[in-house]
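Asks: return a 3D structure for these sequence lines:
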Amino acid sequence: MTMIGKVTQERYEQLVADGLEQPAVQGRTQLLLGDLALEIEPISQRGGSHAGPGEEPFGVRQTLAQYADDLDMPLATLLDNRWVATPCWPKERRQHGVSYVVHKTLAAIADEDVRFAKILDPPWHEKSK
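Replies: Predicted structure coming up:
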C-alpha cells in the first residue's frame, strides 16, 4: 500500500480533489453572500432605500455595514460580492467552475448578450477549474 505522508495514495487523491474544489466553493460562497446582501438591500436605480411611514431612515451603506459586521467580514468585500451578484449574474447565468474573479471581471461588460456569451467561453484564470 502506497502512503503519502500519513494517508494512503487513494485518500491523498481524494484530498487533492477536495482541495481543488475549494476555490469553486469559495466563489459560490461569495456570490451567495452577494445574493443575501441583495435581499437585504436590493440595488435600486437611484436613491437607495427609503424609510417607511414612521421609520427612521437607515441608509443602504449602514444596513450593509451592520450585516458585514454581523458576518465578521469587511464591508468592502460584502459590497463587492453584492455588486457581482447583481442582475449582471442571475443565478441561472452563473457558470460552475468559473471563478468569482472571472464573474467579477465580466460583470463590467454592459451588454448582457456579450457578457452572457463571454462567460460560456471565459478568459483563463488560475482559480477557475
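Asks: CA only for contacts and neighbour counts going forward, please
Replies: Will do.
Asks: A strand includes V16, no?
Replies: No: using DSSP: H, G, I helix; E, B strand; the rest coil, the secondary structure at V16 is helix, not a strand.
Asks: so which strand or helix has the residue nearest in space to the middle of the chain?
Replies: With distances taken as CA atoms, centre = their mean, the residue of the chain nearest its centroid is L31 (2.2 Å). Using DSSP states H and E, L31 sits in helix 9-40.
Asks: if you count neighbours, what's buried in that helix?
Replies: Residues of helix 9-40 classed as buried: 23-24, 27-28, 30-38 (neighbour count, 16 or more other CA atoms under 10 Å).
Asks: closest to K6 out of the residues you listed?
Replies: Comparing the buried residues of helix 9-40 against K6 with CA to CA places P23 closest, at 24.7 Å.
Asks: thought the closest one was touching S99?
Replies: Yes: under the criterion of CA atoms under 8 Å, P23 makes contact with S99 at 7.4 Å.
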